[in-house]
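Novice: Kindly return the folded structure for what I paste below:
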Amino acid sequence: MSELSPAEFSEQLHTDGGAPLVLDIRHEADYDDWHIPGSVNVDVYDKLTNDPEAAKDELSEVPDDREVVTICAAGVVSQTATEVLQDMGYDATTLTDGMNGWSRVHRHATVPVDLDGTLVQVARPGKGCVSHVLVAGGEAAVFDPSHYVEEYEAILDDYDADLVGVFDTHAHADHVSGGSELAGRNDVAYYLHPKDALATDATPIEDGQTVAVGGLDVDVVHTPGHSEGSVSFAVEDAALLTGDTLFHESVGRVELGVEAGIEDSDVEQNAATLYESLQRLQEYPDDAAVLPSHDPGSPEPPVTATLGDVRDRNDDLGRDREAFVETLASDVPEHPPNFQRVKRVNVGQESVPVDQLADLELGPNNCAAE
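Specialist: As a prediction, the model looks like this:
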């Protein structure tokens, strides 16, 4: 069976002139919910499962002028699609583990920011998750890591930097944090605000605190609203790691912690709190880079914008308090998959076996309010 690893597939997608045709054979509704940008959907999942020969008529409409990579949820039925396509004369292969494999892909690049050090952005295009590694003076800190901690240790090795701390901006709702594990493997502190570290062993951080990384100051700015313990990190006022508080074109949702049963507040209170947090962030210089921990698309790093640009692009920042609260409390998008369990894992109230983490996270990122 011809298979293509997720890492190899990611590289192919970014090869000039050589990208394959990505054929998603899942049901149309599943494709509409979450898919690889640029892919083509031919809904032959049931036919491939029950009678593969019956799928040939629809598959014959697929262009045959380049390699075809077949995709399904877990890379099983797409193997049958590849076999059928090969029998029809196509150059076809299967993405190993399907969309599950795609969600594991990490890509990284340096962020152009005026610092006496290096800021590396690590993106998971399949999940819309974004994390960062700050390197300065031979030391490093990791912010909002995924549970694929080897990705970050490889970057530390590339820069020959010693990890001095791991930070989460908040207890995430769409993916399981690797913060505690990465810190434990390297015998350093894992930092999380106490309001989100409900039952997990974390070093508390508080508003106004400064943590040094290789001579650079990382200031803690408590910015609750998306969650009670949400913080942003200001690195020398040149970069704002805003977590899910401020995105480039939206802001964080305000109901996830309430609906997960881990917050006593309500959505209106959270929206009002978030409004005040956003006012604090807007006090920073216009040229500060705004670096959220999620991107609603399929992020190719570096994803960055100045605070001035964000003000121009983000309608939420232009609303007055009353309109802001009303909008966020009334317009609730579809929830991230399994968000209640993911939140409980990240605050320490539930434990999930390692071999179940990928399935728990599988699905689109829906952490933005709009």
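
Novice: in stretch 61-71, what counts as buried?
Specialist: For stretch 61-71, burial by neighbour count (16 or more other Cβ atoms under 10 Å) applies to 62, 67-71. C-beta here means a position set from N, CA and C on the backbone, and glycine is covered the same way.

Novice: Could you export those as CSV, including secondary structure and pLDDT?
Specialist: As requested, those are exported to CSV (DSSP: H, G, I helix; E, B strand; the rest coil; pLDDT from 0 to 100):
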residue, secondary structure, pLDDT
Val62, coil, 95
Glu67, coil, 94
Val68, strand, 96
Val69, strand, 97
Thr70, strand, 97
Ile71, strand, 96
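
Novice: Show me where the stretch 201-350 of the chain dips below the pLDDT cut-off.
Specialist: Within the stretch 201-350 of the chain, the ranges that satisfy pLDDT under 70 run 256-258, 260, 262, 331-333.

Novice: please redo it, this time with the cut-off set to 80
Specialist: 255-265, 296-298, 331-337 (pLDDT under 80).

Novice: Any chance of the buried residues of stretch 61-71 in JSON lines with distance to Gly89 as columns?
Specialist: What follows is the buried residues of stretch 61-71, written out as JSON lines (distance: Cβ to Cβ, whole Å):
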{"residue": "Val62", "distance to Gly89": "11"}
{"residue": "Glu67", "distance to Gly89": "13"}
{"residue": "Val68", "distance to Gly89": "11"}
{"residue": "Val69", "distance to Gly89": "16"}
{"residue": "Thr70", "distance to Gly89": "15"}
{"residue": "Ile71", "distance to Gly89": "20"}
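
Novice: Now do the helices in the stretch 51-200 of the chain.
Specialist: 56-59, 77-87, 98-104, 150-159, 179-186 (DSSP state H, counting those that start in this stretch).

Novice: Return the most buried member of those.
Specialist: helix 98-104 (a mean of 23; mean count of other Cβ atoms under 10 Å).

Novice: Can you name every helix or strand that that one contacts?
Specialist: helix 6-13, strand 68-71, helix 357-361 (3 or more Cβ pairs under 8 Å, 6 or more residues apart in numbering; DSSP states H and E).

Novice: could I get those as JSON lines with distance to Ser232?
Specialist: Supplementary listing: the helices and strands packed on helix 98-104 in JSON lines, determined by distance: least, Cβ to Cβ, whole Å:
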{"stretch": "helix 6-13", "distance to Ser232": "29"}
{"stretch": "strand 68-71", "distance to Ser232": "36"}
{"stretch": "helix 357-361", "distance to Ser232": "24"}
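
Novice: winner for burial among the ones you listed?
Specialist: Ranked by mean neighbours (mean count of other Cβ under 10 Å), the helices and strands packed on helix 98-104 are led by strand 68-71, with a mean of 27.

Novice: wouldn't Val267 be in contact with Glu255 here?
Specialist: Yes: if you go by Cβ atoms under 8 Å, Val267 and Glu255 touch, sitting 4.5 Å apart.

Novice: circling back: so which of the helices of the stretch 51-200 of the chain comes closest to Phe324?
Specialist: Relative to Phe324, the nearest member of these by Cβ to Cβ is helix 179-186, separated by 30.0 Å.

Novice: At which residues are the strands of the stretch 1-150 of the chain located?
Specialist: 3-4, 21-24, 40-41, 68-71, 92-95, 107-110, 118-124, 129-136, 139-143 (DSSP state E, counting those that start in this stretch).

Novice: how far out from the middle of the chain is the first one?
Specialist: From the chain centre to the centre of strand 3-4 is a distance of 24 Å (Cα atoms, centre = their mean, to the nearest Å).

Novice: what do you get for the second one?
Specialist: Relative to the mean C-alpha coordinate of its chain, strand 21-24 is positioned 23 Å out (Cα atoms, centre = their mean).
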